[in-house]
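Colleague: Dropping a prediction and its sequence here:
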Amino acid sequence: MRAVKHIMLWVISSVLYTLAYFGLELLEGNKISTTDYYGFRNLGFVTIFLMYLLSSVLYPIVLFPLAWVVRKLANPFIDRLMILALSGIGGYVLFHMSYESRFIEEYHLDSRTAIILYVIAGFIYVLVDYYLEKTDSLYNDSSSTKEER
C-alpha cells in the first residue's frame, strides 16, 4: 500500500502544481500583452504540458526524498510544514523564472499571487497525504486484527 500511496501522491502533486501554474498564467501571465513573452496566450497548452513534465520530474527528485528524510527524523507535522513552505518558495522562484523583471515592473505583476496559489496546492497535497496516511493506518490496523483472529 505504501508504494501505491507514493505513486498517488506523485500524480496528485504533479496535477496540483500544474494547476497552480495554470492559475498563475491566467491571473498574472494574461496581463502581459507583448509578443516578447511566450506564455499560455501564445503557446497554449504546451506551457501547461511542460509544467506538468517539470512537476512530474521534480517530485521524485526533490519532494519525495526530502519529505521522506524529514519524516524519518521528525514528526509528520514538521514534514507537512516543510512542504507548505517549499511550495510557497517554489511559487516565488517559479514566478521570477517565468516573468522577466521588466514584465514584472511594466505590467505590475505580483509575486504574492504565485505564493498563494502554490501554498494552496501544497495545502491540498498535505491534506491528501494526511488522508492517505490515516486510511493506510486504518487498513493496517484492521488487517492486523484479522490476523490475530
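Modeller: Cool, the structure landed. Residues are numbered from 1 along each chain as shown.
Colleague: most centrally placed residue in this protein?
Modeller: Most central in the chain under Cα atoms, centre = their mean is Tyr17, positioned 3.7 Å from the mean C-alpha point.
Colleague: Pretty sure it sits against Tyr118.
Modeller: Yes: between Tyr17 and Tyr118 there is a contact under Cβ atoms under 8 Å: 7.1 Å. To be clear about C-beta, it is placed using only N, CA and C from the backbone, and glycine gets the same treatment.
Colleague: anything in contact with each of these two?
Modeller: Ser87, Gly90 (Cβ atoms under 8 Å, 6 or more residues apart in numbering).
Colleague: shouldn't Phe64 be in contact with Ile7?
Modeller: No: applying Cβ under 8 Å as the test, Phe64 and Ile7 come out as separate, 10.4 Å apart.
Colleague: and those two? which has more neighbours close in?
Modeller: Taking neighbours as other Cβ atoms under 10 Å, Phe64 and Ile7 compare with Phe64 leading, 15 against 10.
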